[in-house]
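> Predicted model, plus sequence, below.
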Amino acid sequence: MVALLVIANAWWWWVQEPDVAPMDLVERLAVLREDRAESARVEEPKPNPDDPWLGLAPPLEVPADRLARIALAPEPVPEERLTTVGQGDTLDHALDRLFIHGEVKRKVIAGYRTLHDPRLIRPGQRLFAQFEQASPMDAESLISLVVAPVGRGEGTTVVRAHDEEGAVFYRARPGGLPGHMSRQVLRCPISGPLAVSIRRCGHGDGLTRLVAALLSLRLDLRKHLNRGDELRVVFDELVADDARVRYERVVALRFKGQRATFTGVSWEDEKGRVAIYTPSGDALEPMFLRDLVYGARLTSVFGLRMHPILKKMKPHLGIDLAAPIGTPVRAAADGVLLARRRAGAAGRIVRIRHGRHMSSEYFHLQRWARRLYPGKKVRRGQVIGYVGNTGRSTAPHLHFGVRKDGKHVDPLKAFNTPGKAVPARQREAFKRQVKPLLSLLDRIDVVAEKRGLVARSAPKGKR
Ligand SMILES: [Zn+2]
């Protein structure tokens, strides 16, 4: 049960985690350290029953019955095992789950430590271990261990080596995911909820998670999917020994539906930041993250209203999002922290500047995230504080406000403002790069048919 919870947590984190654009090492370490500190103290928010991902299988783990078989296997056969770092987990514990123990575990950690601080291991990171033989009793048969990052990036491999005296030690080197990346296409009719449709088209929930993250930029997946809508996806998967290790990323996607039709292509800018754009180079993603508070309910909108405490008409300069005390509050967009202080009726607040014209504000926080000081860079989706009831507030909620050139604007409208487009000077490079992806989306039937991948029309069944 505990293991299940750990898996579920790790998976939840993984689902929540947007692709992390490369940061410089110092920044990255600071962020990791902070995440670690936070995750040690913060309670996991309750799962939202409306979550389209709820109930999907967690990432692949070694099933218990398989472990039993491994233990009984008479012949030494090579073995790969996989585990995911959970909330509050340690490298030590993760290695235990892979049956890497004793002296070998000590050596593996010592090797890893030459490149990274093992304490900074982070929920959602995955560990792939390769053994000479499938016996959990024999940790010495460990050939290599890959520690994969949460987002994109190459990870770290710890490999078995021998010193001059022939003694075994483990050496760490950057990079080395097992297997290779393979580009795949999928044309899939919507025949029910997204996960069900994608399963009927022969793919796993890992792909559903990637696709859902992109579709939900434009659609409410609970309301806007209809039977007969069509999804086309170009994606990369990691393949080892002719088997899929995992779905890596969606590189292009087209949705043709009753509610909306759009195409998205992913593109990496010169700073290595990956985002999804329309074919003409506009952002598919809105400027501000909609999921500021996981599972929150919108209880008050922008505009004139009767003030619940003052009992008079007063403009409400933001929106209210109700959620239990302690629910993490995330930054709406990349920016620089302007303020983190107490502000009378607003309680504990955070203000963030986004570019030259926009800023966002977060009121009534219970407390702030650690190491958050004015002038510090904040990333989109980063936890900046926790929902509270401080200041003039009747119930736990986040008041979220947006200002343009200092004047308050309706945050709900701001949520629909597109994010940063591809810069003009990079448009040509962008167009060159996405052209083959767009043509692949157009020709997907031909390509898929050649590979025998076309899903037949949706099976009849209840939605
Ligand atoms: Zn409010």
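Structure received.
> which residue sits closest to whatever residue of the stretch 151-300 of the chain ends up closest to the ion, ignoring its sequence neighbours?
Distances between the stretch 151-300 of the chain and the ion by C-beta to the ion are smallest at residue 300, namely 5.7 Å. All C-beta spots, glycine's among them, are computed from the backbone N, C-alpha and C. Of all residues beyond its chain neighbours, the one nearest residue 300 is residue 320 (3.9 Å), with distances taken as C-beta to C-beta, 6 or more residues apart in numbering.
> shouldn't that neighbour be in contact with residue 398?
Yes - taking contact to mean C-beta atoms under 8 Å, the distance of 7.2 Å between residue 320 and residue 398 places them in contact.
> pLDDT wise, what is residue 207 at?
Among the per-residue scores, residue 207 holds a pLDDT of 90.
> Would you point out the helix or strand in this protein whose mean pLDDT is lowest?
The least trusted helix or strand in the chain, going by mean pLDDT, DSSP states H and E, turns out to be helix 64-72, with a mean of 40.
> average pLDDT across the host helix or strand of residue 92?
Take DSSP states H and E as the rule and residue 92 turns out to sit in helix 91-97. The average pLDDT for helix 91-97 rounds to 89.
> give me the number of residues near the residue nearest to residue 300?
Neighbours of residue 320 under the rule other C-beta atoms under 10 Å: 22.
> how about the nearest residue to residue 245, chain neighbours excluded?
On the basis of C-beta to C-beta, 6+ apart, the spatially nearest residue to residue 245 that is not a chain neighbour turns out to be residue 238, at 4.3 Å.
> got the phi/psi numbers for residue 412?
Here is the backbone geometry of residue 412 (degrees, to the nearest 10): phi -60, psi -30.
> Tell me the confidence at it?
87.
> Enumerate every residue touching it.
Residue 412 is in contact with 301-302, 319, counting by C-beta atoms under 8 Å, 6 or more residues apart in numbering.
> partner residues bridging the residue of the chain found nearest the ion?
The minimum distance from the chain to the ion, using C-beta to the ion, falls at residue 399 (3.3 Å). Note on residue 399: beta-bridge partners residue 320, residue 363, judged by DSSP bridges.
> Please apply the same query to residue 377.
What pairs with residue 377, by the bridge criterion (DSSP bridges), is residue 336.
> Tell me how many other residues crowd it.
By other C-beta under 10 Å, the residues close to residue 377 number 14.
> same question, residue 186
Residue 186: 22 surrounding residues under other C-beta under 10 Å.
> Does it touch residue 201 like I think?
Yes - checked against C-beta under 8 Å, the pair residue 186 and residue 201 is within contact range at 6.2 Å.
> Tell me where the chain has helices.
Read by DSSP state H, the chain holds these helices, from start to end of the chain: 2-16, 25-41, 64-72, 91-97, 102-113, 194-200, 205-215, 411-415, 427-442, 444-450.
> where among those is the average confidence lowest?
helix 64-72 (a mean of 40).
> how about the residues of this structure near the ion?
Taking C-beta under 5 Å from the ion as the test, the list of the chain residues beside the ion reads 320, 399.
> how about the residue nearest to residue 230 when sequence neighbours are not counted, what does it touch?
Distance criterion C-beta to C-beta, 6+ apart; nearest residue to residue 230, sequence neighbours excluded, is residue 256 at 4.6 Å. Residue 256 makes contact with 229-232, according to C-beta under 8 Å, 6+ apart.
> what does the model give residue 256 for pLDDT?
Per-residue confidence (pLDDT) for residue 256: 95.
> Relative to the whole chain's centre, how far out is the longest strand anywhere in the chain?
In the chain, assigned by DSSP state E, the strand with the most residues is strand 243-256. Between the centre of strand 243-256 and the centre of its host chain there is 14 Å, according to C-alpha atoms, centre = their mean, to the nearest Å.
> I'd like the average pLDDT over stretch 264-271.
Rounded mean pLDDT across stretch 264-271 is 78.
> picking that back up, what's around the residue of the chain closest to the ion, how many residues?
Per other C-beta under 10 Å, the neighbour tally for residue 399 reads 23.
> separation between it and residue 261?
In this structure, residue 399 and residue 261 are separated by 36 Å, where distance is defined by C-beta to C-beta, to the nearest Å.
> Please apply the same query to residue 195.
Spatial separation of residue 195 from residue 261 under the definition C-beta to C-beta is 22 Å.
> How about residue 148?
Counting by C-beta to C-beta, the gap between residue 148 and residue 261 amounts to 35 Å.
> Between these two, which is the more surrounded one?
For residue 148 versus residue 261, neighbours defined as other C-beta under 10 Å are more numerous around residue 148 (24 against 12).
> my guess is the more buried one contacts residue 126, does it?
Yes - contact status for residue 148 versus residue 126: in contact at 4.6 Å, counting by C-beta under 8 Å.
> can you count the residues close to the nearest residue to residue 419 once chain neighbours are set aside?
Counting by C-beta to C-beta, 6+ apart, residue 419 lies nearest to residue 283, which is 3.7 Å off, once chain neighbours are set aside. Neighbour count for residue 283, taken as other C-beta under 10 Å: 18.
> right, and residue 283 touches residue 277 too?
Yes - with contact defined as C-beta under 8 Å, residue 283 counts as touching residue 277 (6.0 Å).
> Show me whatever sits in contact with both of the two.
When contacts are counted by C-beta under 8 Å, 6+ apart, residue 283 and residue 277 are jointly contacted by residue 421.
> from memory residue 303 sits against residue 317, does it?
No - taking contacts as C-beta under 8 Å, residue 303 lies outside contact range of residue 317: 9.1 Å.
> And the two? Which one has more around it.
More crowded of residue 303 and residue 317, by other C-beta under 10 Å: residue 317, with 18 against 10.
> quick one: that one and residue 406 touch, right?
No - counting by C-beta under 8 Å, residue 406 is not a contact partner of residue 317; they are 12.0 Å apart.
> what residues are shared contacts of these two?
Common neighbours of residue 317 and residue 406, counting by C-beta under 8 Å, 6+ apart, are absent.
> show me where pLDDT drops low in this protein?
1-80, 133-139, 151-153, 176-181, 240-242, 269-273, 446-463 (pLDDT under 70).
> what do you get if the cut-off is 50, keeping everything else the same?
1-2, 4-77, 453-463 (pLDDT under 50).
> Kindly state the domain boundaries assigned to it.
Taking automatic domain parsing as the domain assignment, the ranges for the chain are 2-174, 180-285+426-450, 297-415.
> Tabulate these (TSV), appending distance to residue 291.
Written out in TSV, the entries for those read as follows (distance: least, C-beta to C-beta, whole Å):
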stretch	distance to residue 291
domain 2-174	8
domain 180-285+426-450	9
domain 297-415	7
